[in-house]
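Novice: Pasting the sequence and the predicted coordinates here, then a few questions.
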Amino acid sequence: MHPAPSVIIFTTLSGLGFGLLFFLSLGLPDVSGWVAFVFFAIAYALSVGGLMASTFHLGHPERAWKAFTQWKTSWLSREGWCAVIALIVMGLYAIGVIFLGQRWSLLGWIGALFSLLTVFTTSMIYTQLKTIPRWNMNLTPAMFLSFSLAGGALLAGQVRVALPLLLIAALVQILYWKKGDKALEESGTNLGTATGLGDRGTVRAFEPPHTGTNYLLREFVHVVGRKHAEKLRIISFMLAFVLPVILLLLPFGHFFALLAVASHLAGVATSRWLFFAQAEHVVGLYYGKR
Amino acid sequence: MTQLPTSTDRKMGLVIDLDTCVGCHACVISCKGWNTENYGAPLSDQDAYGANPSGTFLNRVHSYEVQPAEGHAQLIHFPKSCLHCEDAPCVTVCPTGASYKRVEDGIVLVNESDCIGCGLCAWSCPYGARELDQAEGVMKKCTLCVDRIYNENLPEVDRVPSCVRTCPAGARHFGDLGDADSDVSKLVAERGGMDLMPEMGTKPVNKYLPPRPKDNVEDQIDILAPLLAPVAEEPKGFLSWLDKTLEKL
């Protein structure tokens, strides 16, 4: 898949933002007034900023509101609803915490639920696609949720929660890569089933439909970036998990915490880049590519 | 709504004969010609006369080589367009309801004024049947020439999809695949029509007729070899002298 910056920014920042909102809604950290304002401002900047970025790749962003209509069937539509509900509920909750010194815990619980549901529905947009075997597995929502929770805990300064969550997310990441590398092969889809000619012999793409490129190849066949995938995996893993864990184990300070957050963000963004760049869409098979 | 209908009155679709397709791409051109100036937004091209031309097409013809375990490889031309699936994933993923499957004939269409161009339907299609038009920012796909097949302003012979009307090899057939007695259904039954990527669970309406087995070329040569022996004899006279002289040089 083409690793479009808009979707990488969207899933990375929103995941982190809704993760932070989750912890804020549970009163972690237990802050009020200006400190709470700063925490909520960061959470909203990340989650709303990410959602805005996701509209950049639309052909007609001015019609984006129509995406709220098909929640019965479409995960993208459900994601829109969950995000709006989470942001409104948490906005009300934030007013209580910041200005009134009140913690409306019922609102908090609802906000927490919808924050996680937003991340889950985002992940389901990708997970539902049978056409991309590497995404079409249970580990995809597990990865999105574990990343969001680990990043949220890190941003919320919850060191004791963040450490185990980072380790869980790291484990999920490794499993996702391991299983994902075999996903296309195990899906059973190949040029033989794609053309229906597989039982007659070995099928080879002899001639593409045209000499130039097209939308399908630009969108679904991204080969260039895969060359350094192994190196990028190591870089992403070190930045997202290893370095933040080391920094958290050091005596806590704002500088180290900031460094841990920055490192985690860069690592998750790299992992998300790989998530798209390494995903093989089966339509590539028709072009003799993957 | 982007909920799929539980059943459709008819299942209009194409039957593509991989045995007779000659790979001339006439269907590609006629499709683009008809659809760029009729239903919906035009099918735009980018850098059409430059170094990197690219454009929106609803139908494309691939060519594949099949090498059996024994014998000669076979070249198969392979036209591919929307298969108007019964369980079309492109319809259910659509967040706006722009993508829909018609109850009356099963045709999958895009309401372009509702399309936000998110591209998710193209992601969900295993066949590459949908392309986001780069000029209009909306999703384009085969309409089964919905503006031809019911069009009473056209002579009856033209009330078929443009690709079917154009195909010089008769490799494309159009009809109701939900009716077991229709010509296309009989053709599919007779020739063992197949689905593409059945494991995707999309239940395509369009069917492909597999190529017929090829004769064994080697056996034929054995039979005809005596008749094909070279008839040229040794040259005589001046030519013989010339031949020998030139050999010596």
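Specialist: Nice, I can see it.
Novice: center of the chain, which residue is that?
Specialist: Since you didn't name a chain, this refers to chain A. A:Thr11 (3.8 Å; CA atoms, centre = their mean).
Novice: meant chain B actually
Specialist: Nearest to the mean C-alpha position of chain B, by CA atoms, centre = their mean, lies B:Pro79 at 2.0 Å.
Novice: my guess is the residue nearest to the centre of chain A is in a helix, correct?
Specialist: Yes: in this structure, A:Thr11 lies within a helix as judged by DSSP: H, G, I helix; E, B strand; the rest coil.
Novice: My read is that it contacts A:Val119, right?
Specialist: No: counting by CB atoms under 8 Å, A:Thr11 stays clear of A:Val119, with 9.0 Å between them. Any C-beta I mention is one placed from the backbone N, CA and C, and that applies to glycine too.
Novice: what's the overlap in contacts for those two?
Specialist: A:Phe144 (CB atoms under 8 Å, 6 or more residues apart in numbering or on different chains).
Novice: What pLDDT does the model give residue 58?
Specialist: I'll assume chain A. The model reports A:Leu58 with a pLDDT of 92.
Novice: wrong one, chain B
Specialist: Here the pLDDT value assigned to B:Leu58 is 97.
Novice: interface residues of the stretch 101-250 of chain A facing chain B?
Specialist: Taking CB under 8 Å from any CB of the partner chain as the test, the list of the stretch 101-250 of chain A residues beside chain B reads A:125, A:128-132, A:187-189, A:191, A:193-197, A:200-210, A:212-216, A:219-220.
Novice: Does the closest residue to A:Val89 other than its chain neighbours belong to a helix, a strand or coil?
Specialist: Leaving aside its chain neighbours, A:Val89 sits nearest to A:Gly111 (4.4 Å; criterion: CB to CB, 6 or more residues apart in numbering or on different chains). Following three-state DSSP, the label given to A:Gly111 is helix.
Novice: shouldn't A:Gly111 be in contact with A:Leu20?
Specialist: No: using CB under 8 Å, A:Gly111 is not in contact with A:Leu20; the gap is 11.6 Å.
Novice: Filter the residues of the stretch 101-250 of chain A next to chain B down to just the ones in helices.
Specialist: Counting by DSSP state H, the part of those found in helices is A:Ile125, A:Ser187, A:Leu191, A:Thr193, A:Ala194, A:Thr195, A:Tyr215, A:Leu216, A:Glu219, A:Phe220.
Novice: Next up, phi/psi of the nearest residue to the fourth one once chain neighbours are set aside, please.
Specialist: Distances taken as CB to CB, 6+ apart put B:Met197 closest to A:Thr193, at 5.3 Å, once the chain neighbours are dropped. Dihedral angles phi and psi of B:Met197 (degrees, to the nearest 10) take the values phi 40, psi 60.
Novice: Check the burial of the residue nearest to A:Val89 by counting its neighbours.
Specialist: 27 (other CB atoms under 10 Å in any protein chain shown).
Novice: Let me see the contact set for it.
Specialist: By CB under 8 Å, 6+ apart, the contact set of A:Gly111 is A:Leu21, A:Ser25, A:Ala86, A:Val89, A:Met90, A:Tyr93.
Novice: Going by distance to chain B, which of those residues wins?
Specialist: Nearest to chain B among the contacts of A:Gly111: A:Ala86, at 17.4 Å, using CB to the nearest CB.
Novice: And for that closest one, nearest residue in space, chain neighbours not counted?
Specialist: A:Phe114 (3.7 Å).
Novice: can you check B:Lys214 too?
Specialist: B:Gln74 is the one closest to B:Lys214 (CB to CB, 6+ apart), at 5.9 Å.
Novice: What confidence value was assigned to that neighbour?
Specialist: 92.
Novice: Show me the helices in chain B, by range?
Specialist: Applying DSSP H to chain B gives helices spanning B:26-35, B:89-92, B:120-124, B:146-149, B:162-166, B:183-191, B:217-224, B:237-248.
Novice: For chain A, which of the ones you listed is the nearest?
Specialist: Comparison of the helices of chain B against chain A by CB to the nearest CB identifies helix B:89-92 as nearest, at 4.3 Å.
Novice: can you pull the alpha-carbon coordinates of that closest one into CSV?
Specialist: Extracted as CSV, the C-alpha positions of helix B:89-92 are listed here (Å, rounded to 0.1, in the frame of the first residue of the first chain):
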residue,chain,number,x,y,z
PRO,B,89,-17.2,-5.5,-0.2
CYS,B,90,-16.9,-2.1,-1.9
VAL,B,91,-20.5,-1.3,-1.1
THR,B,92,-20.5,-2.1,2.6
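Novice: Show me what that helix is packed against.
Specialist: Counting contacts by 3 or more CB pairs under 8 Å, 6 or more residues apart in numbering or on different chains; DSSP states H and E, helix B:89-92 packs against strand B:99-101, helix B:120-124.
Novice: Using the record's assignment, carve chain B into domains.
Specialist: Listed by automatic domain parsing, the domain ranges of chain B are B:12-215, B:219-248.
Novice: so what's the residue nearest to B:Lys214 up against?
Specialist: B:Gln74 sits next to A:Arg200, A:Gly201, B:Glu65, B:Val66, B:Pro68, B:Pro211, B:Lys214 when contact means CB under 8 Å, 6+ apart.
Novice: Once you drop chain neighbours, what's closest to the second one?
Specialist: Think A:Gly201. Using CB to CB, 6+ apart, the closest residue to A:Gly201 is B:Pro68 (3.7 Å).
Novice: Pretty sure that neighbour sits against A:Gly198.
Specialist: No: if you go by CB under 8 Å, B:Pro68 and A:Gly198 don't touch, sitting 11.3 Å apart.
Novice: And for the residue in the stretch 1-150 of chain A that chain B sits nearest to, the neighbour number?
Specialist: Per CB to the nearest CB, A:Gly59 is where the stretch 1-150 of chain A lies closest to chain B, at 1.9 Å. By other CB under 10 Å, the residues close to A:Gly59 number 18.
Novice: same thing with A:Thr127?
Specialist: Neighbour number of A:Thr127 under other CB under 10 Å is 21.
Novice: got a list of what it touches?
Specialist: With CB under 8 Å, 6+ apart, A:Thr127 has these contacts: A:Trp135, A:Asn136, A:Met137, A:Asn138, A:Thr140, A:Pro141.
Novice: can we see that at 6 Å?
Specialist: A:Trp135, A:Thr140, A:Pro141 (CB atoms under 6 Å, 6 or more residues apart in numbering or on different chains).
Novice: On the pLDDT front, check the last one for me.
Specialist: When you say that, I think you mean A:Pro141. Per-residue confidence at A:Pro141 stands at 98 (pLDDT).
Novice: shouldn't it be in contact with A:Ser123?
Specialist: Yes: counting by CB atoms under 6 Å, A:Ser123 is a contact partner of A:Pro141 at 4.1 Å.
Novice: what sits in contact with each of these two?
Specialist: Counting by CB under 6 Å, 6+ apart, nothing touches both A:Pro141 and A:Ser123.
Novice: who's more crowded, the two?
Specialist: Neighbour count, other CB under 10 Å: between A:Pro141 and A:Ser123, A:Ser123 has more, with 24 against 17.
Novice: From A:Cys82, how far out is the more buried one?
Specialist: Distance from A:Ser123 to A:Cys82, counting by CB to CB, to the nearest Å: 12 Å.
Novice: Great, nothing more from me.
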